[in-house]
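S.K.: sequence-free structure coming up:
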């Protein structure tokens, strides 16, 4: 705002409208309004409505009425729910460990100089880019008891017995975790690679002169410098894996014998397929307090570092 | 403590870029050697090869009497101060300084003693618990130096350690570094593009250009007897006046004046080199003189610089600041013929 305009304002030639736009705080709130509207419409409303549903006996086609914690009470004695809860925790914990480890390995390898570097980096992103439904269907074919390419290789080259991957309770959840890990590694890998590339090479040179071995450089420089990215990636991935629906739904949809049910697929079965939408909402909300605590803990931890 | 020697060292990058061309240089034990030259002259590459951060294409480098070509940096017993300081951002000042000792498995008590001693010397005591980002530029620089000192290495390598400091701090740190050098009794190899740093700190100065070593000599000699036009022009500020002349016997003839050389140089075409302070406003009887047509006058308090022309040549003179001169004036200046330089036009080598 130039001196001329300020002069005009002083003489009262420009209205109060200009002065509001001139002050930063009110202008800031004004500019926030569109975003708040969008968030309210597409995030807050569905979320609050979900909470409301979970305390009603609503069914599809019936608004129902308030029943308090009855839905939650009911689920406590539902063995499939308990199985789903345990599966969700196992599914998230196991895949996160593997995605983290393999993603870090992938980033370290991709950070080296090698021929066709760009092509390989782009190609390794594919599992993340392909729509999950499509890639999961492909995996279902690969796990098929009769036509499985995995079994074919095992049978012909390693002389191992065929495995009915998705058909037995002992292997179905493992199959689910293999596919989730496969799909999730690129996200970890590329995020870590971006983190690695922000570490100045001089730090490694200084460490080499200081006498650090390769492993010591990794422990003392790479890992601590990667920590902020690591925490954020871990956080995002944990949330997404907890709530993962597409992959468990397409690959097994709770089969066999509900052994691969996770909370999201079980909520869908009860709430949409079964029509008990109130109970479905209650199931999917179970993880909310747990996730909130994790998120809050991580965010506070991140801030206190500085 | 140890000497360092480069023996016919060449560094070639892929694609035939020659960074260092057949460098031979002896650095004596406890000497302060400065490698100086413009950016891209190979001075940093030479230092990094000694540190073990770059491979040596040809030739060999010795520390003491050990050839270190294939020795990893950690076995070379050197410490390095980087231009960016390269402090570990996630470690405290103490941990930064202790890092090298920890990597070598030095006992804890030893580490503590050595870090605390160095911190006292560098006045870093109250800052030991801070992180690098909480320090000023000068403090970071001292931490980088401290990290090198605690290691008690045979050779200190310093790669433009002062270029990220402001002018005043740079002068202070320059003096501090010289004191440290004397106190530590260690060999220092110091890379810089700044001729003032080179002149003030070096026991000897090695001037490099395009990967080729031009001259190695103590500061006085580099300034007084530059081996070629490049060295003469690089060292000294304002730079030496270069005036094309034709020579007949002992007489050198420029476009606007002529003078008698102390002896016949044996070339016909040359470039006369006169430092601005070899021109004096008080012509001495028997000395040659020239008439300067003054165009610009700069008064710095302790000095006064006159920029102008003699015939067709531009000339800078450093004169007494009390002399009253205006642009447009003609000033008669004496030339101190004992301080003349003459360079062969073809080879640019000093012939006088």
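M.R.: Structure's in. What do you need? Since we're looking at a predicted model, the values are computed, not measured.
S.K.: what parts of the stretch 201-306 of chain A come near chain B?
M.R.: A:202-203, A:205-213, A:216, A:220-221, A:224-225, A:227 (Cβ under 8 Å from any Cβ of the partner chain). (Each C-beta comes from the backbone N, C-alpha and C, glycine too.)
S.K.: for the record, mean pLDDT for the biggest helix by length in chain B?
M.R.: Across chain B, the longest stretch assigned as helix under DSSP state H is helix B:167-184. Mean per-residue pLDDT for helix B:167-184: 91.
S.K.: buried residues, that helix. List them.
M.R.: B:169-170, B:173-174, B:176-177, B:180-181, B:184 (16 or more other Cβ atoms under 10 Å in any protein chain shown).
S.K.: go on, stretch B:101-112?
M.R.: Those would be B:101-103, B:106, B:111, for stretch B:101-112 by 16+ other Cβ under 10 Å.
S.K.: now swap in stretch B:74-88 and tell me
M.R.: Buried, per 16+ other Cβ under 10 Å, within stretch B:74-88: B:74, B:76-88.
S.K.: what's the span of that stretch, first residue to last?
M.R.: Taking Cα to Cα, to the nearest Å, stretch B:74-88 runs 17 Å from one end to the other.
S.K.: now check it, is it near chain A?
M.R.: Yes: counting by Cβ under 8 Å from any Cβ, chain A is contacted by stretch B:74-88 at B:74, B:78-80, B:82, B:84, B:86-88.
S.K.: which of those residues lies closest to residue B:309?
M.R.: residue B:84 (43.8 Å; Cβ to Cβ).
S.K.: what about the closest one, which SS state?
M.R.: coil (DSSP: H, G, I helix; E, B strand; the rest coil).
S.K.: and chain B, what are its domains?
M.R.: B:4-232, B:238-344 (automatic domain parsing).
S.K.: weakest of those domains in terms of mean pLDDT?
M.R.: domain B:238-344 (a mean of 90).
S.K.: for that one, how far is the first residue from the last?
M.R.: 22 Å.
S.K.: swap in stretch B:65-78?
M.R.: End-to-end distance (Cα to Cα), stretch B:65-78: 15 Å.
S.K.: tell me who's in contact with the one residue sitting closest to the centre of chain B.
M.R.: Centroid-nearest residue in chain B, with Cα atoms, centre = their mean: residue B:198, separated by 2.7 Å. Residue B:198 makes contact with B:34, B:36, B:192, B:205, B:219, B:235, according to Cβ atoms under 8 Å, 6 or more residues apart in numbering or on different chains.
S.K.: pull the number of nearby residues for the closest residue in space to residue B:335 that isn't next to it in sequence.
M.R.: Spatially, and ignoring its direct neighbours in sequence, residue B:335 is nearest to residue B:288 (4.6 Å; Cβ to Cβ, 6 or more residues apart in numbering or on different chains). Counted with other Cβ atoms under 10 Å in any protein chain shown, residues neighbouring residue B:288 total 18.
S.K.: so residue B:288 makes contact with residue B:338?
M.R.: No: if you go by Cβ atoms under 8 Å, residue B:288 and residue B:338 don't touch, sitting 11.3 Å apart.
S.K.: average pLDDT across stretch A:142-152?
M.R.: Taken as a whole, stretch A:142-152 has an average pLDDT of 83.
S.K.: same question, stretch A:110-126
M.R.: On average, stretch A:110-126 scores 86.
S.K.: against chain B, how distant is the residue nearest to residue A:168 when sequence neighbours are not counted?
M.R.: Nearest non-adjacent residue to residue A:168, counting by Cβ to Cβ, 6+ apart: residue A:256, 6.9 Å away. Between residue A:256 and chain B the computed distance is 49 Å (Cβ to the nearest Cβ, to the nearest Å).
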